[in-house]
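Visitor: got a structure for you, letters missing:
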């Protein structure tokens with residue numbers, strides 16, 4: 001009887017376990033870096049001679065996610081852009097960015113040997 005009770009408790013423990021360690025869904029994905037359009041942009045950034053100063057930040061504004069493709073190269077004349085979940089370039093007004101929480105948006109990717117100090 002004790003063996004049966006032990007096996008029953010062990011089975012219930014295994015069945016009741018869930019994988020709750022997953023973060024929030026971003027653009028209907030667990031990991032937005034797996035989106036094909038982001039992977040293509042990362043591959044292009046990895047080929048750049050300025051890869052060590054490039055990064056991607058993830059923003060959530062009014063329930064929508066945006067990705068900032070930035071660089072911290074002081075001598076580069078490179079444009080930085082925001083993209084939506086579909087990979088469309090978007091313009092975000094300063095008021096939209098000001099609506100962000102006080103804590104900075106997370107950096108979800110940065111180049112190898114990243115050399116920048118970001119706030």
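Guide: Arrived safely. Values in this document were obtained by computation on a predicted structure and should not be read as measured data.
Visitor: Spell out, range by range, the helices that occur in this structure.
Guide: Under the criterion DSSP state H, the chain contains helices at 2-16, 36-46, 94-98.
Visitor: mean confidence score for the last one?
Guide: Per-residue pLDDT values across helix 94-98 average out to 65.
Visitor: cool, and the second one?
Guide: Rounded to a whole number, the mean pLDDT of helix 36-46 is 94.
Visitor: List the buried residues in it.
Guide: Residues of helix 36-46 classed as buried under the neighbour-count rule (16 or more other CB atoms under 10 Å) are 38, 41, 42, 45. No exception for glycine: its C-beta is placed from N, CA and C like everyone else's.
Visitor: excluding its backbone neighbours, what's nearest residue 55?
Guide: Nearest residue to residue 55 in three dimensions, chain neighbours excluded: residue 110, at 4.2 Å (CB to CB, 6 or more residues apart in numbering).
Visitor: Would you agree the one you found is in contact with residue 54?
Guide: Yes: with contacts defined as CB atoms under 8 Å, residue 110 counts as touching residue 54 at a distance of 7.1 Å.
Visitor: so what pLDDT did the residue nearest to residue 51 when sequence neighbours are not counted get?
Guide: In this structure, residue 51 finds its nearest non-sequential neighbour in residue 111, 3.8 Å apart by CB to CB, 6+ apart. For residue 111, the pLDDT comes out at 85.
Visitor: burial of residue 54, as a residue count?
Guide: Other residues within reach of residue 54 by the criterion other CB atoms under 10 Å amount to 25.
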